[in-house]
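Chemist: fold the following for me, if possible:
(chains A, B, C and D)
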Amino acid sequence: MFNKILIANRGEIALRIICACREMGIKTVAVYSEADEHSLHVRFADEDVCIGPARSADSYLSVPAIISAAEITGADAIHPGYGFLSESAYLAEVCEACHIKFIGPDPNVIRLLGDKARARRAMKKAGVPILPGSDGPVQGEENAIKVARELGFPLIIKAVAGGGGRGMRIVRNVEELPGLVKTAMREAEAAFGLGDVYLERYVESPRHIEIQVMGDHHGNVVHLGERECSVQRRHQKLIEEAPSAALTEKQRRKLGATVVEAARAVQYSNAGTFEFLLDATGNFYFLEVNTRLQVEHPVTEFITGIDIVKEQIRVAAGEKLSVRQGDIEFRGHAIECRVNAEDPEVFTPSPGLITAYSVPGGPGVRVDSFVHSDCTVSPYYDSLIAKVITYGRDRHEAIARMTRTLEMTVIEGIKTSIPLHLKILNDPDFVAARYNTSFMERFMPPARNAAKGPLAESA
Amino acid sequence: MFNKILIANRGEIALRIICACREMGIKTVAVYSEADEHSLHVRFADEDVCIGPARSADSYLSVPAIISAAEITGADAIHPGYGFLSESAYLAEVCEACHIKFIGPDPNVIRLLGDKARARRAMKKAGVPILPGSDGPVQGEENAIKVARELGFPLIIKAVAGGGGRGMRIVRNVEELPGLVKTAMREAEAAFGLGDVYLERYVESPRHIEIQVMGDHHGNVVHLGERECSVQRRHQKLIEEAPSAALTEKQRRKLGATVVEAARAVQYSNAGTFEFLLDATGNFYFLEVNTRLQVEHPVTEFITGIDIVKEQIRVAAGEKLSVRQGDIEFRGHAIECRVNAEDPEVFTPSPGLITAYSVPGGPGVRVDSFVHSDCTVSPYYDSLIAKVITYGRDRHEAIARMTRTLEMTVIEGIKTSIPLHLKILNDPDFVAARYNTSFMERFMPPARNAAKGPLAESA
Amino acid sequence: MNLDDIKDILELVREHDLAEFELERDGLKVRIRKAGREYVLAGTAPAAAPVAAPVAAPAPAPVPAAAVVVDEGVPLAVIKAPIVGTLYRSAEPGAKPFVEVGTAVTKGQVLCIIEAMKLMNEIECECDGEIAAVYVENGQPVQFGDRLFAVKVG
Amino acid sequence: MNLDDIKDILELVREHDLAEFELERDGLKVRIRKAGREYVLAGTAPAAAPVAAPVAAPAPAPVPAAAVVVDEGVPLAVIKAPIVGTLYRSAEPGAKPFVEVGTAVTKGQVLCIIEAMKLMNEIECECDGEIAAVYVENGQPVQFGDRLFAVKVG
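Modeler: From the prediction side, this is the model:
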């Protein structure tokens, strides 16, 4: 087992990883930017290293700074959390070269699944249902039109190196195709340094379903069931839950088995999430693989009783998975609300000093956060300040518990998304689990609602 | 179902009950003393009534004040929590007369089980193992000596109306018996207004095991397994856990069935706890029944997934229990630490202003508390400020999780028992579950340790 | 907080010519209003009281001391509710209220009734004087400490 | 916080003849030390900066500006670590250190090496002057922002 793990992240996930390490008796190293000097992750790590100024590019995204911090502290592994460098095949490679264990899949797996077009082909080969598409970057206007006619409309243009909605365009007819391909390529070039785009059939208002997998280095792969994350605003998930009300037990088993097979085919190790679109007629289509720990992993932890972060550390250290598929039982229902420091109506960020902070207890409540009374929410980073997760014997109880928990949460000094969450939790369609990725449109402010942009999927 | 519940309590348990009511869509009325005006239970109840000055006797213990508060707010039920009036047959009777539902057993059941000698007889009749004893108050010195010789030494003198160690004396030989009986009677008379005492065989250093039961008004009774509460300091439980490492599956089933039978025999409804001593040779002996919700109920909620407070409310409203014995599964292990505002070495109370407060998240952590940053812990009431409960797949994980949770808990401005809890959690005997009610003696300050007084049991 | 502290605060208030001064901390509350008609100075917490036993034997609650307020030089006694219940201003439905503004009262005179647990509790006046204000209506629920009447002491 | 605020603080400090004054709030930090040899006045946060994109494209980190400290009337430049790594005071093991206290230095002159990811990064002097202090030892790990050398500017 590792002696010391460096956590290449900040905020609640850095604390979450510290918790896991402490439970396993592993020492921790926190890294921090100058803006995070007084953060709790610095306070509770055994050691800490300042790695740069507030700007992420010069601190949390700096591979040399992170590797150097690991070297000067003698850390034997790096946990990248989510975001920042968590899907950086480069960091994983440098770790390998420096004999530091990267807690995540092997670099070649990260690279394969990070390339959307290659990932599509690999999944298709492994028997995973994918959307009809161009099977590679489009080559010029004529080729694009030909492929598009074969696929039919509407379709979607996606960047090969894509993510976060950039380089994406929905195309409704052949006339607008050439112009939109050009725009998407320009955007992809600007965002990722690679202009390649491909075409795929577009699914209107799908549900977002994802499967959590865990693999070890001994060929064992298990899935931990699905999560539904259809409540999204511009690719940002707001509420996640497990299980999904849209899946039958049979579908769950079948999709789970398909994903386990595919993960094994690409020699997947550590934690990963296979994302799917579910259309109105019950078909699943592969979307992408997130080769890292997910923000919403606690809902799965609640219904399975498995500590995913500890499992990640165990398998990275070469141990076998602590559970086999047959041992994994799903019990009850869990929901997560991502509480952001932002205006709940116009979605503008609201950093600043938290003057009062209190979250209720009671059964079935988990709050992963890094904030506290008299703490300042920095404007430099993500606006997520707390993940509130509730568990109930059924979906009804989990929702009732979430509602009372958020109603009894006190956060003063900054604005938060809690009022928006409460509106969603009270919505009859949400309560009935009648929702898809278009659900949030009705909660959008009129001005923004009208604004154009690729809707749904990803994140 | 009830429309509005008055909560005749304060602190964390008042908030715990508010949580349950909100999840069930029931309105709440908080009552408070002048010292608690700014408490969270007042903030989060739908209505609130000031019922008196700081002194409990004039506020939280005043039956007229509580009943009047229920009447002026139109509450149709009263939840008494634990402590204060929770075991007051008188309050339960007045409620009945006023057509307000008392959320607890019927007054005659409270009265029967509150009289230790009568409870002993009732349990004996129902087939529950009890300690050999005088089967009623001792009648004069000669009778006492005769009974004592039959029982053998050591034995214990207990007050019929007893509780909290008052009126209790351990007797090691016949010479000291007459004097100790007199002292115990004087103490009982002073404490409870009733000098009657009885004799019982004394068990040296037993383990404290208790069984949680729930009954409805339709004749259904279930048990929710046991809790072990052997870590006590002068009858005050410090750490509780479920399941107990001292019970085999067979013992658990047998003891559970015995208790369910006994509860049914006395027509027990609502939540209750049957406390037992377990001696070194594996025998169980009935101690007493707590006819109310227990401080440590969360450990049972963690391992069963059942919300005991919601179940209490449902059965008080006349509904059937939501579970049958066959539905109840025990999964994993849970531990509770009672964090008190007190010096961790000399146990003196430490009320005052909390200047910083933060508790970590992560999986398997529950914190039931009423304190927050910038809140004042009042000197008038119990020193319990937070219950930290952790859950793990096994006892080892639950302990590791508790340790990291307490290590990462920040409470500044007052002293707390957390350093003591951490010492216990690190103790090899505790880790190996090799402990009984004498366990805490080694953690007592030398001066106090030498002080005389009845040790162990009860609370 | 002792008398000297209060003197210092009053001195500061005078020095800075303040109209109002308020300090709230650890259960202690001081409010001073200058250049006006009303002075209130009330301590709500006994300073560092020894810890009370959490569950003391029942004892009759002391009726809260009437707060003394200085109004245009005439001391006013405020009568507060000593118990929770429903307030009645007269001995029986339809009868004349016990007192009204302007009624001359003597110590021990019944001012109103508070019903609690079907018991009618007579609330007596604590001093001689004249009713200066009535804060409650007939049939109204009152909480512990609610203001009921003001009596111009004299 | 603007210049006027600082002037006001300084005025207060003068008026009260303080030796030290420290204010830390919302990422802003002001420290003033009076009646002594050293004055430091450093702002650590840009006031209400527009929100940065959480994941910006990588760009070379600016070397933190040397803090200027006034020592007995002579300005001192403090050279801080621009990167995390292991510091070496000489070009190779056993060689003479690049600089010692008293060494005259010129802008661009190499003061030490910080090794990060097996790369040797030469840390250059930012001004002409003379080494007044050495805060680090050979082979020592340094964090971002650690003080390395003080240079008497001149």
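
Chemist: any stretches of the chain with poor pLDDT?
Modeler: I'll assume chain A. By pLDDT under 70, the weakly predicted segments of chain A are A:163-164, A:445-459.

Chemist: ah, no, chain C please
Modeler: C:1-73.

Chemist: can I see the domain layout of it?
Modeler: As given by automatic domain parsing, the domain ranges for chain C are C:3-44, C:65-153.

Chemist: quick one: the last one near chain B?
Modeler: This points to domain C:65-153. Yes. On the criterion CB under 8 Å from any CB of the partner chain, domain C:65-153 is in touch with chain B at C:83-86, C:115-117, C:119, C:141-146. Backbone N, C-alpha and C define where each C-beta goes, glycine included.

Chemist: now these in a markdown table, with neighbour count, secondary structure and distance to A:G162?
Modeler: What follows is the residues of domain C:65-153 next to chain B, written out as a markdown table (neighbours: other CB atoms under 10 Å in any protein chain shown; DSSP: H, G, I helix; E, B strand; the rest coil; distance: CB to CB, whole Å):
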| residue | neighbour count | secondary structure | distance to A:G162 |
| --- | --- | --- | --- |
| C:I83 | 23 | coil | 71 |
| C:V84 | 31 | coil | 65 |
| C:G85 | 27 | strand | 69 |
| C:T86 | 17 | strand | 69 |
| C:E115 | 18 | strand | 73 |
| C:A116 | 21 | strand | 71 |
| C:M117 | 18 | coil | 71 |
| C:L119 | 12 | strand | 76 |
| C:P141 | 20 | strand | 64 |
| C:V142 | 26 | strand | 67 |
| C:Q143 | 21 | coil | 62 |
| C:F144 | 27 | coil | 65 |
| C:G145 | 16 | coil | 65 |
| C:D146 | 16 | coil | 66 |
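
Chemist: which of the residues you listed lies closest to chain A?
Modeler: C:Q143 (23.3 Å; CB to the nearest CB).

Chemist: isn't that closest one right up against C:V84?
Modeler: Yes. In this structure, C:Q143 is within contact of C:V84 by CB atoms under 8 Å, at 5.6 Å.

Chemist: overlap in contacts, these two.
Modeler: B:V49, B:C50, B:I51, B:A69 (CB atoms under 8 Å, 6 or more residues apart in numbering or on different chains).

Chemist: next, format those residues as CSV and append distance to chain C and neighbour count.
Modeler: CSV is the format used below for the shared contacts of C:Q143 and C:V84 (distance: CB to the nearest CB, whole Å; neighbours: other CB atoms under 10 Å in any protein chain shown):
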residue, distance to chain C, neighbour count
B:V49, 5, 24
B:C50, 4, 23
B:I51, 5, 26
B:A69, 5, 30
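
Chemist: the stretch 351-459 of chain A against chain B: which residues are in contact?
Modeler: Contact residues (CB under 8 Å from any CB) of the stretch 351-459 of chain A with chain B: A:356-358, A:360-369, A:372-374, A:387, A:393, A:397, A:400-401, A:403-405, A:407-408, A:410.

Chemist: now intersect those residues with the helices, please.
Modeler: A:E397, A:A400, A:R401, A:T403, A:R404, A:T405, A:E407 (DSSP state H).

Chemist: give me the residue from the stretch 201-350 of chain A nearest chain D.
Modeler: For the stretch 201-350 of chain A, CB to the nearest CB, closest residue to chain D: A:P349, 5.0 Å.

Chemist: so what's that residue up against?
Modeler: So A:P349 contacts A:A341, A:E342, A:D343, A:P379, A:S383, D:V51 (CB under 8 Å, 6+ apart).

Chemist: can you add distance to chain C, secondary structure and neighbour count and give those residues back as TSV?
Modeler: Below are the contacts of A:P349 laid out as TSV (distance: CB to the nearest CB, whole Å; DSSP: H, G, I helix; E, B strand; the rest coil; neighbours: other CB atoms under 10 Å in any protein chain shown):
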residue	distance to chain C	secondary structure	neighbour count
A:A341	29	coil	24
A:E342	32	strand	20
A:D343	31	coil	17
A:P379	33	coil	21
A:S383	34	coil	23
D:V51	36	coil	15
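
Chemist: related to what we said a few turns ago, let me have the shared contacts of C:Q143 and C:V84 in TSV, extended by secondary structure.
Modeler: Output for the shared contacts of C:Q143 and C:V84, formatted as TSV (DSSP: H, G, I helix; E, B strand; the rest coil):
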residue	secondary structure
B:V49	strand
B:C50	strand
B:I51	strand
B:A69	helix
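
Chemist: quick one: which of these is nearest chain D?
Modeler: For those, the minimum distance to chain D (CB to the nearest CB) is 37.3 Å, reached by B:C50.

Chemist: surely that closest one meets B:V29?
Modeler: No. B:C50 lies out of contact with B:V29 (CB under 8 Å); the separation is 11.8 Å.

Chemist: and the residue positioned nearest the centre of chain A, what does it touch?
Modeler: Chain A has A:Q294 as the residue nearest its centroid, 4.1 Å off, counting by CA atoms, centre = their mean. Listed by CB under 8 Å, 6+ apart, the contact set of A:Q294 reads A:Y82, A:E210, A:Q212, A:R227, A:A271, A:T273.

Chemist: what's in contact with stretch C:127-135?
Modeler: Counting by CB under 8 Å, 6+ apart, C:66, C:71, C:76-77, C:89, C:99-107, C:111, C:146-154 sit against stretch C:127-135.
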